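> predicted model and sequence below, questions to follow.
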Amino acid sequence: KQEVTQIPAALSVPEGENLVLNCSFTDSAIYNLQWFRQDPGKGLTSLLLIQSSQREQTSGRLNASLDKSSGRSTLYIAASQPGDSATYLCAVRENYGGSQGNLIFGKGTKLSVKP
Amino acid sequence: NAGVTQTPKFQVLKTGQSMTLQCAQDMNHEYMSWYRQDPGMGLRLIHYSVGAGITDQGEVPNGYNVSRSTTEDFPLRLLSAAPSQTSVYFCASRGGYGNQPQHFGDGTRLSIL
């Protein structure tokens, strides 16, 4: 059974710092990996999706990497801002192909960026 | 651009009552799913559907029913609500094939007294 772990559970950093969030998964046979952001009381917003054949994806100040063989992904946030404060969730999509394959989520890292 | 729409946003029920959580998407997505989110437990899959007329169980299906009569709608039914079903419920959808990102609704916050 696929299990997804995110460490640390919570992180507090001063504004302007570069930071890395970690995600690990137990079964390397994934279809893709997706990073989400969740603000308090809100739904999930997709940040980045990395296909199983890719090593990284970038969007603005965000960079996500994937090492499928070791079962690891990282989300790098450059020059953090108070507006980045949220919970970040990692999810792997099971590799059933086609239209199937459910997302398995980690429990998230709660990020607080202090002004 | 509506995306995934969930109604209601908040609901309080008494034990034993029934209700339906509504979910609709306007992106012509084949795949739709329901998750519940509980403190310390993360997001857990309840039921999912890969197309109209096709549904299947996820990790925590007990106490919930679903149906998919159209591509757009995927309602979640609680037949006899229990306090253990107090949670935040999220509906999600994505395109059927390839590496499509999953889109989520804003959630329904449900309390069972």
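In hand now; what should we look at?
> can we go C-alpha only for contacts and neighbour counts from here?
Noted.
> for the chain, give me the ranges with low pLDDT.
Reading this off chain A. Along chain A, segments meeting pLDDT under 70 span A:96-100.
> actually, chain B is the one I wanted.
Ranges of chain B meeting pLDDT under 70: B:1, B:96.
> which stretches in it count as strands?
For chain B, the strands defined by DSSP state E cover B:4-7, B:10-13, B:19-25, B:31-38, B:42-51, B:54-57, B:64-66, B:76-78, B:87-94, B:103-104, B:108-112.
> dump these to TSV, plus mean neighbour count.
Below are these laid out as TSV (neighbours: other CA atoms under 10 Å in any protein chain shown):
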stretch	mean neighbour count
strand B:4-7	20
strand B:10-13	13
strand B:19-25	20
strand B:31-38	23
strand B:42-51	22
strand B:54-57	16
strand B:64-66	19
strand B:76-78	19
strand B:87-94	26
strand B:103-104	23
strand B:108-112	20
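> any idea which of those strands gets closest to A:N32?
Of all those, it is strand B:87-94 that lies closest to A:N32, at 13.3 Å by CA to CA.
> CA atoms only: put the closest one into PDB for me.
C-alpha atoms of strand B:87-94 as PDB (Å, rounded to 0.1, in the frame of the first residue of the first chain):
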ATOM      1  CA  SER B  87     -15.400  16.200   8.800                       C
ATOM      2  CA  VAL B  88     -14.600  18.500   5.900                       C
ATOM      3  CA  TYR B  89     -15.500  16.900   2.600                       C
ATOM      4  CA  PHE B  90     -13.800  17.800  -0.700                       C
ATOM      5  CA  CYS B  91     -14.800  16.900  -4.200                       C
ATOM      6  CA  ALA B  92     -12.200  16.800  -7.000                       C
ATOM      7  CA  SER B  93     -12.100  16.300 -10.700                       C
ATOM      8  CA  ARG B  94      -9.500  15.900 -13.500                       C
END
